[in-house]
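Asks: Fold the following.
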Amino acid sequence: MEPVDTVSGSSCLYNLPNPDSNAAGVSKKNGYTLIELTIVLFILALVLAMALPSFSGFGEKRLKTDARKIASLLRYINDSAISTKETHLLKFDLDRGGISWKDSEGEKQEVVKTLAALETQSKGEVKEGQIILSFGAMGMQENISVHLRDAEEEMTVIFNAISGRAKIRAEP
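Replies: Residues are numbered from 1 along each chain as shown. Okay, here's the model as predicted:
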C-alpha cells in the first residue's frame, strides 16, 4: 500500500521539501538583500570619491588651477616652517616649470607649465634659472610674487610675508 497525503488526498512516495523554500518553510525569492545593495552602493561611492578629484580642475583653466596650487603651497610651507621651528626650502625651476620642496613626508615636486617669473624684494624679477626660497622659524621674511602666464592671460600669486597670506590677482 502506498502512503497517502492526508491534506491533499493524493498519494506520494516521499515527502520532499519545496525547492523554493528554506528550512523554515519560508519561500525564497530571487533578488538582493538590503545589505548587498548597501555594500554595492558603498563600493560605488568609494570609486567615485577616488575618481572625482582628478576631474576637479577639468573644466577650469590651467592658469587658475596653477595659481591656486602655488598660493596653497606658499601658505603651507610658511605655516610648516613656523610650527616646526625648522627651515623649509622651496625651489622654483623657471626653465623647466617645476617646483620642489622638502617637508616632513620627504621630497616633493610639482610641474607648473604656466610658471613665467618670480619676484622677491631681494632679487627682483627673475625669469629664468632656479631660485631657492628659505622659510625660517619665523616664516618667510620677504614678499613674493609668482607670475603665471598662458596663451590667453596672466595671473600673479602675491604672498605677504607679514600676514602669511597669499592673494591671486588676474593681470589684464
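Asks: Contacts only, for residue 158.
Replies: Taking C-beta atoms under 8 Å, 6 or more residues apart in numbering, we find residue 158 in contact with 143-145, 166-169. Placement of C-beta: from N, CA and C, glycine included.
Asks: Strands of this structure, start to end?
Replies: Applying DSSP state E to the chain gives strands spanning 88-93, 98-103, 106-111, 115-120, 124-126, 130-135, 144-149, 154-160, 165-171.
Asks: possible to save the contacts of residue 158 as TSV with pLDDT, neighbour count and distance to residue 111?
Replies: Formatted as TSV, the contacts of residue 158 follow (pLDDT from 0 to 100; neighbours: other C-beta atoms under 10 Å; distance: C-beta to C-beta, whole Å):
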residue	pLDDT	neighbour count	distance to residue 111
143	92	13	25
144	92	23	19
145	93	16	20
166	93	21	20
167	93	13	23
168	93	16	19
169	92	11	23
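Asks: For those, which two are the farthest from each other?
Replies: Spanning the widest gap among these are 143 and 168, at 14.6 Å by C-beta to C-beta.
Asks: Isn't residue 123 up against residue 132?
Replies: No: between residue 123 and residue 132 there is no contact under C-beta atoms under 8 Å: 10.6 Å.
Asks: Can you give me the buried ones in stretch 130-142?
Replies: Neighbour-count burial for stretch 130-142 flags 131, 133, 135, 139-140 (criterion: 16 or more other C-beta atoms under 10 Å).
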